[in-house]
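*Asks:* One predicted model, sequence on top.
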Amino acid sequence: MSDTKPTPAYSTKQISHLRGLAQSLSPVVMVGNNGLTEKVLNEIEVSLKAHELIKIKIFGDDRTARIQMLEEICEKTNATAVHHIGKQLVIYRATEKSKIVLPK
């Protein structure tokens, strides 16, 4: 899906900053009963390119499956997991001309 560059490690302060920014976001991608299809992964990729920080809503009550989906999404899109609470996931991937300024 994306480049195979390693995902940079972010500090606790940076993750906390991203969580704060994500609070006002609405989910831009919904994962339904079919799970992580190529279309869903493509939509996540497009959203990451446009927004860098996105919220994803996963329908389904299996917490373990949601955690696995988060790991798979991050692996396939080279994104960083920022937050996972309930059925909502927040992921981040900086672009070359990053819009989000992270604290040092």
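*Replies:* Noted; the coordinates are in hand. Residues are numbered from 1 along each chain as shown.
*Asks:* buried residues in whichever strand or helix holds residue 84?
*Replies:* For residue 84, the host element (DSSP states H and E) is strand 80-85. Buried residues in strand 80-85, counting neighbours by 16 or more other Cβ atoms under 10 Å, are found at 80, 81, 82, 83, 84. Bear in mind the C-beta positions are built from the backbone N, C-alpha and C, glycine included.
*Asks:* Next secondary structure after that strand?
*Replies:* strand 88-92.
*Asks:* Please identify the pairing partners of that following strand and their relative orientation?
*Replies:* Note on strand 88-92: by DSSP bridges, its sheet partners are strand 53-58 (antiparallel), strand 80-85 (antiparallel).
*Asks:* looking at those strands, which is closest to residue 73?
*Replies:* Nearest to residue 73, of all these, is strand 53-58, at 7.2 Å by Cβ to Cβ.
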